[in-house]
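>>> sequence and predicted structure below; questions after.
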Amino acid sequence: MLPEQYPSIFSRHLAPLVSGEIDQDSLIATSSTAMVTREGEKSFLLRADLKWPYHIRLTSAYNLSSEDLKIAKHFVRAFRQKVVVSDKTFFPYLVSKCAQEVVASVVQHKDTDDTLIQLVIELLKKWACETYEGQRISVAIGIDPNPDPSTISNIHIEDVSGKDFIKVLSNGIDTILALSLSGHVVGHFCLEGPATNSSSANTLTLAPYRYAGLAAWAKAGRVALALNKQGEVLVFHNRQLRFAFRRGAWTRFAHESFFERLHGLDSELVRAIYSTCLDVSFARTGCCIAVANSEQRKNVAEFVNEKDFLKDGENNKARTIKHLVNEQFQNLSRPIRQELAGIDGAVVLDHTGIILAVGAIVKIGSGSEGGGRRAAATTLAQLGIAIKVSADGGITGFRRRSTKNCTVDVAFEMFG
């Protein structure tokens, strides 16, 4: 393997973990041996190999955070440990483990057995390929740094990992099997489910609604790892979803980056849209949500079938939803928002959160590229902002470039 191939490796394995992308065409000659150098607020220089006199540039359209820097350092450190065997056939396999090492390093308690989180992740990945009595496995395993000492058994997770019963000691949503920092079994707990009233259900926006119990458990240094029936591994820490192994790759949920990229909208509306996108992403139903800015609100009828407007809609769908939904989007409970977004068609809001249309048919022009949901999102983005959640979980945002220019750009791609 040639060092010139390093940028593509970093793009494939590091980029999904940070709020940026790797510049494939820019190799920076430098004498610095630092693993990561902050070049500016929106770029890092990465020294992948001490024997290679170049840095790789990582850039972003937005400010790169201190956590982005931490993750980049962890990744370069893991990569450097493996680059000494870059001429071996098993090198790509070792590189594929770098992101997993980063995930474990970021979330693990300082006193955790260094191999424990990776051991649990590998166990969940193994179970993702198995079934129990014909059913896909869904399970959650937690690591608690401060359990009651009297509850710590002498049974290590490795002692029972090969037994079938352990696969169903948690349902992966509202029960969890807890371990100590050393990996010994502590307890089997039922988790408190999410509230369903509109006020408290909207408070936990940094995890999918169905996994709110796991996110709430993952506090005070605890880590919760879950396998769902789609074969995805989810990692919860600091009361939020931090990472997920989806579609064969690790991705990071940079929640604050999403909020920054939807600047200009009411913060509660942004959090409501974001939480709904998370919920739909993990429900695998797909959706399209658009927000018309104050200047474009009057032009919504140019892009949406007028019969779908809740205010004056003529069809039964519009009249029924108007009767059932009489609040701003951000004031609805999360399950209701998810179900509205799951209706075939687009949800269209104004910049204050007033729901203009649900399940709307979008007037897509000729020559549109991509699938129907993407075409609808790029069309509606001319009103301001539109977000497409694909049926496989990826989230893509589109934004009108300016008030005078109707050109639409990709604002972000997440969790793909």
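Yep, it's here. Numbering: from 1, shown residues only.
>>> from here on, just use CA atoms for contacts and neighbour counts.
OK.
>>> helices of the stretch 251-400 of the chain, start to end?
Secondary structure of the stretch 251-400 of the chain (DSSP state H, counting those that start in this stretch): helices at 255-261, 267-283, 316-324, 334-341, 372-380.
>>> can you put the ones you listed in JSON lines and add mean pLDDT?
Putting the helices of the stretch 251-400 of the chain into JSON lines (pLDDT from 0 to 100) gives the following:
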{"stretch": "helix 255-261", "mean pLDDT": "83"}
{"stretch": "helix 267-283", "mean pLDDT": "94"}
{"stretch": "helix 316-324", "mean pLDDT": "92"}
{"stretch": "helix 334-341", "mean pLDDT": "96"}
{"stretch": "helix 372-380", "mean pLDDT": "92"}
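>>> is it possible to get TSV of those helices that adds distance to residue 20 and mean neighbour count?
What follows is the helices of the stretch 251-400 of the chain, written out as TSV (distance: least, Cα to Cα, whole Å; neighbours: other Cα atoms under 10 Å):
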stretch	distance to residue 20	mean neighbour count
helix 255-261	10	15
helix 267-283	19	23
helix 316-324	39	15
helix 334-341	28	21
helix 372-380	22	23
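>>> relative to residue 212, which of the ones you listed is closest?
helix 267-283 (10.5 Å; Cα to Cα).
>>> what residues does that closest one touch?
Identification of contacts with helix 267-283 by Cα atoms under 8 Å, 6 or more residues apart in numbering yields 202, 205-210, 258-259, 262, 286-287, 289, 329-330, 334, 337-338, 341-342, 352-353, 389-395.
>>> any chance of a PyMOL selection covering the buried ones in those residues?
To isolate the buried ones among the contacts of helix 267-283 in PyMOL, judged by 16 or more other Cα atoms under 10 Å, type:
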select buried, resi 202+205+206+207+208+209+210+258+259+262+286+287+289+329+330+334+337+338+341+342+352+353+389+390+391+392+393+394+395
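>>> which of the contacts of helix 267-283 fall within strands?
287, 289, 389, 395 (DSSP state E).
>>> show me what the last one is bridged to.
So the one you mean is residue 395. Judged by DSSP bridges, the bridge partners of residue 395 are residue 389, residue 414.
>>> ok so, going back, would you mind giving the helices of the stretch 251-400 of the chain as CSV with distance to residue 412 added?
Below are the helices of the stretch 251-400 of the chain laid out as CSV (distance: least, Cα to Cα, whole Å):
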stretch, distance to residue 412
helix 255-261, 8
helix 267-283, 13
helix 316-324, 30
helix 334-341, 20
helix 372-380, 13
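>>> who wins for proximity to residue 302 among the ones you listed?
Distance to residue 302, taken as Cα to Cα, is lowest for helix 372-380 among these, at 9.7 Å.
>>> which helices and strands sit right next to that closest one?
strand 287-292, strand 384-389 (3 or more Cα pairs under 8 Å, 6 or more residues apart in numbering; DSSP states H and E).
>>> mind naming the longest strand for this structure?
If you go by DSSP E, the chain has its longest strand at strand 21-29.
>>> buried sites along that one?
Buried residues in strand 21-29 (16+ other Cα under 10 Å): 21, 22, 23, 24, 27.
>>> show me which of those residues is closest to residue 59.
Closest to residue 59, out of all of the buried residues of strand 21-29 and judged by Cα to Cα, is residue 21, at 5.5 Å.
>>> what's the helix or strand where residue 119 lies in contact with?
For residue 119, the host element (DSSP states H and E) is helix 116-128. Helix 116-128 has contacts (Cα under 8 Å, 6+ apart) with 100-101, 104, 108, 136-137, 141, 161, 167, 181-183, 225-227, 229-233.
>>> can you turn the buried part of those residues into a PyMOL selection?
Selecting the buried subset of the contacts of helix 116-128 in PyMOL, with 16+ other Cα under 10 Å as the burial test, is done by:
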select buried, resi 100+101+104+108+136+137+141+161+167+181+182+183+225+226+227+230+231+232+233
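>>> mind checking which of the contacts of helix 116-128 land in strands?
Among the contacts of helix 116-128, the members found in strands (DSSP E) are 136, 141, 225, 226, 227, 233.
>>> so which of the helices and strands packed on helix 372-380 gets nearest residue 247?
The nearest among the helices and strands packed on helix 372-380, by Cα to Cα, is strand 384-389 at 15.1 Å.
>>> does anything pack onto that closest one? Which helices or strands?
Partner elements for strand 384-389 (3+ Cα pairs under 8 Å, 6+ apart): helix 267-283, strand 287-292, helix 372-380, strand 395-400.
>>> can you give me the offset of that strand from its chain's centre?
Remark: strand 384-389 is offset 16 Å from the chain centroid, using Cα atoms, centre = their mean, to the nearest Å.
>>> over to stretch 78-94?
Counting by Cα atoms, centre = their mean, stretch 78-94 comes out at 28 Å from the chain centroid.
>>> may I see the buried residues of that stretch?
Quick answer for stretch 78-94 (16+ other Cα under 10 Å): 78, 79, 80, 82, 83, 86, 94.
>>> what's the average pLDDT for that stretch?
The average pLDDT within stretch 78-94 is 93.
>>> who touches it?
1, 48, 49, 95, 98, 101, 102.
>>> gap between the two ends of it?
End-to-end span of stretch 78-94 (Cα to Cα, to the nearest Å): 10 Å.
>>> quick revisit: take the ones in strands among the contacts of helix 267-283 and write them to CSV, including distance to residue 324.
Listed next are the ones in strands among the contacts of helix 267-283 as CSV, based on distance: Cα to Cα, whole Å:
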residue, distance to residue 324
287, 20
289, 19
389, 24
395, 28
